[in-house]
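>>> Build me a structure from this.
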Amino acid sequence: MTARMSVQALLAERLDRVRYERHIVLRAPAGSGVTQTLAEVIARTAAPGFVLVVSSRRDLLEQWVFVLERHGAAPVHLLKSDLALEVASRTPAEPHRGIFVTTMAEIRRGPVKVALKSLPLALLVLDTTPRPDSVTLAAILDVVRNARQTIVVDQDFGERVPAWLHRPSLVELTLNEAIAISGEPHVRPETYPVSLSPAERSIFEQVARLLEKRDGVRSRPAVHSALMRLISNGRETGRGDMDKIDMAWNLVDSLEGLGPDPRLLAMTETVLQRRRLGPVIVVTGPLRAEVEYVRDHLAAQGVPTEPLTLHELRKARAVKASGSPHPVIVATRTGLESDESVLEDATLVYFSRPRSNPDNTWLLSALHTGAARAAIIPIESQPGEAQET
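Numbering: from 1, shown residues only. Below you'll find the predicted structure:
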């Protein structure tokens, strides 16, 4: 049994121990199979009753649909206004089974909100915890009161469980436990070198000072987006801000005058090397512009790519099954969280270094649980400068 399978089995076992509790909070590291484990619970509960899955984002919702349809235990429906009106008009004699999926934004709206007041839910699953000050929380509490059971995935790993749940049972699997199961406590990402010119490094340092970002901006598309946002937001402001706008335009011009992007060149070389060994996923920063920037460059080099969406994932898996070369998936870290199964046997090549605590924690967890085969991050330096370790 692989580390990933062992971790998922332990998580499923702990969740099964509290299967009859009304309120459950689930905490587990990336790669531990939370979505797959919950899909089993949802499929089992939906056989005789209604299940509602509420997601924080539409892209995550697509992956819920994809995973739940593969289990095939009950019909899966996207609960929006038109379907909500139909659900609200059903008689008690009609069959009460099936899976509905929707977003937190939808449950605040009229038709969906009305339908959920009368829908007899056997299980409510929230894939994230709403903020205590969120306007969504009141609508969620109405659904929680109407559900026989509620499972909340708590991604913040706070010391306390959400205060709005009544005496919930905590199901937790820690990163240290995942490390112990993997038997590899010192797993670390590999590195690949990126040589930055003094001109490029100077531009990035000036942008960081202008934007008051202590940790800098990570890539050319991220720099460009940040500068254009500053310019757009500051057009109607005073003279002091106009000086900032002039400086931003000068930096945009300097950025566009740079030669080939060394990050792209080094990343592409690494992708081509690792693609011979199996699937490769390029992990970008959070901006969609970075995803497209990387995809366009790889396509120009003759490397087929896929974004991480439901439709494209199916096509990528079909290509893989046919024995053709693996297309390179390009995704943000949060995009990868939406379907951990795509990580299986893949090498993660980072376009820029992960810097936030959630990014670093997710990466270490993916390695320790065996969700990903390996991860490679860039080490930046100026020409002739010693590489970081």
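>>> residue contacts, the residue nearest to residue 71 when sequence neighbours are not counted?
Distances taken as CB to CB, 6 or more residues apart in numbering put residue 43 closest to residue 71, at 4.3 Å, once the chain neighbours are dropped. Any C-beta I mention is one placed from the backbone N, CA and C, and that applies to glycine too. For residue 43, the contact set (CB atoms under 8 Å, 6 or more residues apart in numbering) comprises 68, 71, 72, 73, 74.
>>> out of those, who's nearest residue 118?
Here the nearest of these to residue 118, counting by CB to CB, is residue 74; it sits at 19.5 Å.
>>> which SS class is the closest one?
coil (DSSP: H, G, I helix; E, B strand; the rest coil).
>>> let's number from 25 now, not from 1
With 25 as the first residue, the last one maps to residue 98.
>>> Determine the number of other residues adjacent to it.
21 (other CB atoms under 10 Å).
>>> Give me the three-state assignment for the spatially most central residue of the chain.
For the chain, the residue lying nearest the average C-alpha position, counting by CA atoms, centre = their mean, turns out to be residue 358 (2.0 Å). Assigned by three-state DSSP, the conformation of residue 358 is helix.
>>> and it, what pLDDT?
On pLDDT, residue 358 comes in at 74.
>>> Let me see the contact set for it.
Taking CB under 8 Å, 6+ apart, we find residue 358 in contact with 81, 310.
>>> quick revisit: pipe the contacts of residue 67 into JSON lines and attach distance to residue 197 per row.
Formatted as JSON lines, the contacts of residue 67 follow (distance: CB to CB, whole Å):
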{"residue": "92", "distance to residue 197": "22"}
{"residue": "95", "distance to residue 197": "22"}
{"residue": "96", "distance to residue 197": "27"}
{"residue": "97", "distance to residue 197": "24"}
{"residue": "98", "distance to residue 197": "27"}
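>>> quick one: which of these is most hemmed in?
residue 92 (23 neighbours).
>>> Look up the closest residue to that one, ignoring the ones flanking it.
Excluding its sequence neighbours, the residue lying closest to residue 92 (CB to CB, 6+ apart) is residue 100, at 4.8 Å.
>>> May I ask you to name the longest strand in the chain?
Ranked by number of residues, the top strand in the chain under DSSP state E is strand 398-405.
>>> okay, it in CSV with CA atoms only?
Output of strand 398-405 as CSV, limited to C-alpha atoms (Å, rounded to 0.1, in the frame of the first residue of the first chain):
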residue,chain,number,x,y,z
ALA,A,398,8.5,15.0,-7.0
ALA,A,399,8.6,18.8,-6.9
ILE,A,400,11.2,21.1,-8.4
ILE,A,401,11.4,24.8,-7.5
PRO,A,402,13.6,27.6,-9.1
ILE,A,403,16.6,29.0,-7.4
GLU,A,404,17.3,32.6,-8.7
SER,A,405,20.7,34.3,-9.0
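>>> And it, what does it pack against?
If you count contacts as 3 or more CB pairs under 8 Å, 6 or more residues apart in numbering; DSSP states H and E, strand 398-405 packs onto strand 214-219, helix 286-299, strand 371-374, helix 381-392.
>>> Tell me which of these lies nearest to residue 404.
The closest of the helices and strands packed on strand 398-405 to residue 404 is strand 214-219. By CB to CB, the value is 4.8 Å.
>>> In the protein, what helix or strand scores lowest on average pLDDT?
Within the chain, confidence by mean pLDDT, DSSP states H and E is lowest for helix 334-345 among all helices and strands, at a mean of 47.
>>> mind checking the end-to-end distance for stretch 276-289?
End-to-end distance for stretch 276-289: 21 Å, by CA to CA, to the nearest Å.
>>> what comes into contact with that stretch?
By CB under 8 Å, 6+ apart, the list of residues contacting stretch 276-289 from outside reads 218-221, 223-224, 227, 243-244, 247-248, 251-252, 255, 317-318, 321, 375-376, 402.
>>> Repeat that for stretch 144-155.
So stretch 144-155 is in contact with 62, 65-66, 69-70, 72-80, 84, 88, 120, 128, 160-161, 164, 167-168, 170-180, 186, going by CB under 8 Å, 6+ apart.
>>> what ranges of the stretch 25-174 of the chain fall below the confidence cut-off?
For the stretch 25-174 of the chain, residues meeting the criterion pLDDT under 70 lie at 25-29, 55, 97, 112, 114-120, 157.
>>> Tell me which helix or strand the residue nearest to residue 95 sits in.
Here residue 67 sits within helix 58-70, counting by DSSP states H and E.
>>> right, and the helix or strand after that helix?
strand 74-79.
>>> so how far is the helix or strand just after that following strand off the chain centroid?
Downstream of strand 74-79, the first helix or strand assigned by DSSP H and E is helix 82-95. Distance of helix 82-95 from its chain centroid, counting by CA atoms, centre = their mean, to the nearest Å, is 13 Å.
>>> wait, which of the helices and strands packed on strand 398-405 is closest to residue 398?
Among these, strand 371-374 sits nearest to residue 398 (CB to CB), with 4.8 Å.
>>> Low-confidence regions, the stretch 275-413 of the chain specifically.
Judged by pLDDT under 70, the stretches of the stretch 275-413 of the chain that qualify are 331-349, 361-365, 406-413.
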